[in-house]
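> What follows is a predicted structure for the sequence shown.
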Amino acid sequence: MRGWRQAPLKPPWCPAMASLLLGAVLLLTQLPLVPCKPTEPGSELPKTPRNGSHPSSSGGAQHLPQTIIIGVRKGGTRALLEMLSLHPDVAAADNEVHFFDWEEHYRQGLGWYRSQMPFSAPHQLTVEKTPAYFTSPQVPERVYRMNPNIRLLLILRDPAERVLSDYTQVYYNHLQKRKPYPPIQQVLLREGRLNPDYKALNRSLYHLHLQRWLRFFPLPHLHLVDGDRLIRDPFPEIQKVERFLQLSPQINASNFYFNKTKGFYCLRDGGRDRCLHESKGRAHPQVDARLLHRLHEYFHEPNKKFFELVGRTFDWH
């Protein structure tokens, strides 16, 4: 129709509807906001404790170690760590971390180092072992900067035997990679004399390496474990470690049993038996008696200096 105009639509407001809408708004303001879809597991940000440690769902946290097994390579560090792990108040890192001796790790800082540690309860002692620490010149000061009161464990064997174990490990590593490796006489000798540049020999000059540690840590902060005795009779040696770490005596003689097939002691933990990896306890290469005698003579004076340094002797050649 000409001239007709549609009237604007008006909402059918009424007092009853207004009251209804007002009630809905008030109700919504009281409800918590809920996401449109569930969050993925683990997407929530964890709360960080004040000490910077990283919590676990069980209530434990990752802490910087209060104890470090600093060495020595092929001295029995893995056996010591496994035996110490029998104690319920010890939380041990599974792998060698190499934080203080590898620059690419050290540059990442203590936060990274802490993240490599196991989760532990407040009453537990966190332990890490990297045997290369003992012979690395820069490590003692770095450990001191982290914690000047840390307790250190150093396990040692007869230095001549340690050299042979060192060679054996390198030899088998090459063998597994199908790479040739010279016989021990060739690496030990140079122009008819013991080769002073052979790293395995240098690692067994214990007094030189310990002197660097004693510049930063007094001797009471460091416990020497007799690695040869630990192999022959582990229980008395691990008792000494418990006392040094101020742990309650929880490890018993029943935790150890001699495995005749392997030729060394294995562990019994809660009814479960476990032995060290097959790479441990390998037979040393045959060494000419005269060369072995020269090895013992080579370490005679260095051993005397080491005994004087620590105020005790070991049953070494």
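Received the coordinates, thanks. All of these numbers come straight from a predicted model, not from anything done at the bench. Numbering: from 1, shown residues only.
> Point out where the protein drops to low pLDDT.
1-59, 277-282 (pLDDT under 70).
> distance of residue 96 from residue 119?
Distance of residue 96 to residue 119, given as CB to CB, to the nearest Å: 19 Å. Placement of C-beta: from N, CA and C, glycine included.
> what do you get for residue 298?
Distance of residue 298 to residue 119, given as CB to CB: 45 Å.
> now swap in residue 300 and tell me
Taking CB to CB, one finds residue 300 at 47 Å from residue 119.
> In terms of packing, which of those two has more residues around it?
Here residue 300 and residue 119 are compared on neighbour count by other CB atoms under 10 Å; more neighbours surround residue 119, at 18 against 10.
> Quick check: bridge partners of that one?
Beta-bridge pairing of residue 119 under DSSP bridges involves residue 62.
> That one contacts residue 62, doesn't it?
Yes. With contact defined as CB atoms under 8 Å, residue 119 reaches residue 62; the gap is 5.8 Å.
> Test my guess that residue 309 contacts residue 210.
Yes. Under the criterion of CB under 8 Å, residue 309 makes contact with residue 210 at 5.9 Å.
> where exactly do the helices run in the stretch 51-200 of the chain?
77-84, 103-106, 109-115, 139-146, 159-176, 184-188, 199-203 (DSSP state H, counting those that start in this stretch).
> Mind giving me the packing neighbours of the fifth one?
For helix 159-176, the packing partners by 3 or more CB pairs under 8 Å, 6 or more residues apart in numbering; DSSP states H and E come out as helix 184-188, helix 199-203, helix 289-310.
> Out of those helices, which one sits most buried?
helix 199-203 (a mean of 19; mean count of other CB atoms under 10 Å).
> Can I get that one in PDB, CA atoms only?
Written as PDB, here are the backbone C-alpha positions of helix 199-203 (Å, rounded to 0.1, in the frame of the first residue of the first chain):
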ATOM      1  CA  LYS A 199      96.800 -41.000  30.100                       C
ATOM      2  CA  ALA A 200      96.100 -44.200  32.100                       C
ATOM      3  CA  LEU A 201      99.500 -43.800  33.900                       C
ATOM      4  CA  ASN A 202      98.800 -40.200  34.700                       C
ATOM      5  CA  ARG A 203      95.400 -41.000  36.100                       C
END
